[in-house]
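Q: any chance you could fold what I've pasted below:
(one chain, ligands or ions: 1)
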Amino acid sequence: MKQITIRKARSKDLKGITHYFRELYKGDEEQGFYKSDLSLHMRKSGQMVFVALSDKKLIGYIWTVYYEHIKNKGVAYIEELFVSEKYRKRKVGTQLVNKVISVLKQRNIHSVYVAVGSHMHAAQRFYKAIGFTNSPEKWFFLSI
Ligand SMILES: CC(C)(COP(=O)(O)OP(=O)(O)OC[C@H]1O[C@@H](n2cnc3c(N)ncnc32)[C@H](O)[C@@H]1OP(=O)(O)O)[C@@H](O)C(=O)NCCC(=O)NCCS
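A: Alright, predicted model coming up:
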């Protein structure tokens, strides 16, 4: 298998990230938000995006938001993680999450959260396999 490179996203990656973003949210194409192009320039501080490349081809990305200030116990959320179907089950997702974790640790972030729908069986298995457990926090929810 070709070497996988994980690095910070650059402007030139946006086309590829947008492509996968639409794959991730397939079925919601009619919603304006999903039709819009992503912009790294619109990112606020506290967000980070990494991409996975194989032979210079973008094969996945991870988008994370983090808060350093919550009573000195910073937390991060994985907003999006996507690996191109052809490259799944080759530890690309694991490498993307591990990269984010190593950067978060340097920033004094102590926990990483991710919301995974109960219908997303592969994602549920993936996060369990790499060490995530059910959150001890009680999340609030309001159906509107
Ligand atoms: C979830 C996803 C990111 C996993 O990426 P990946 O690169 O295939 O994952 P890895 O190869 O690093 O998998 C690590 C482990 O997770 C588990 N796992 C991954 N995909 C799995 C699947 N489809 N079914 C069961 N277990 C799975 C396995 O235990 C695997 O280890 P193994 O291959 O040695 O058995 C990828 O399937 C994906 O992009 N799915 C669509 C988008 C999505 O659901 N994103 C997450 C929402 S935030």
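
Q: grab the nearest non-local neighbour of the closest residue to the ligand within the chain.
A: Among the residues of the chain, residue 93 lies closest to the ligand, at 2.6 Å counting by C-beta to the nearest ligand atom. The way it works is simple: take the backbone N, C-alpha and C, and place the C-beta from them, glycine included. Distances taken as C-beta to C-beta, 6 or more residues apart in numbering place residue 83 nearest to residue 93, at 5.0 Å, with adjacent residues excluded.

Q: my guess is the one you found meets residue 52, correct?
A: Yes: look at residue 83 against residue 52 with C-beta atoms under 8 Å: they come within range, at 7.0 Å.

Q: overlap of the contact sets of the two?
A: The contact sets of residue 83 and residue 52 overlap at 59, 60, 92, 96 (C-beta atoms under 8 Å, 6 or more residues apart in numbering).

Q: tell me which of the residues you listed fall in helices.
A: Of the shared contacts of residue 83 and residue 52, the ones assigned to helices by DSSP state H are 92, 96.

Q: please pick the buried ones from the shared contacts of residue 83 and residue 52.
A: When burial is judged by neighbour count using 16 or more other C-beta atoms under 10 Å, the buried members of the shared contacts of residue 83 and residue 52 are 59, 60, 92, 96.

Q: max pairwise distance over these: which two?
A: The widest separation within those, taken as C-beta to C-beta, falls between 59 and 96 and amounts to 9.9 Å.

Q: now do the shared contacts for those two.
A: Common neighbours of residue 59 and residue 96, using C-beta under 8 Å, 6+ apart, are 52, 83.

Q: that's a strand at residue 128, yeah?
A: No: with DSSP: H, G, I helix; E, B strand; the rest coil as the criterion, residue 128 is helix rather than part of a strand.
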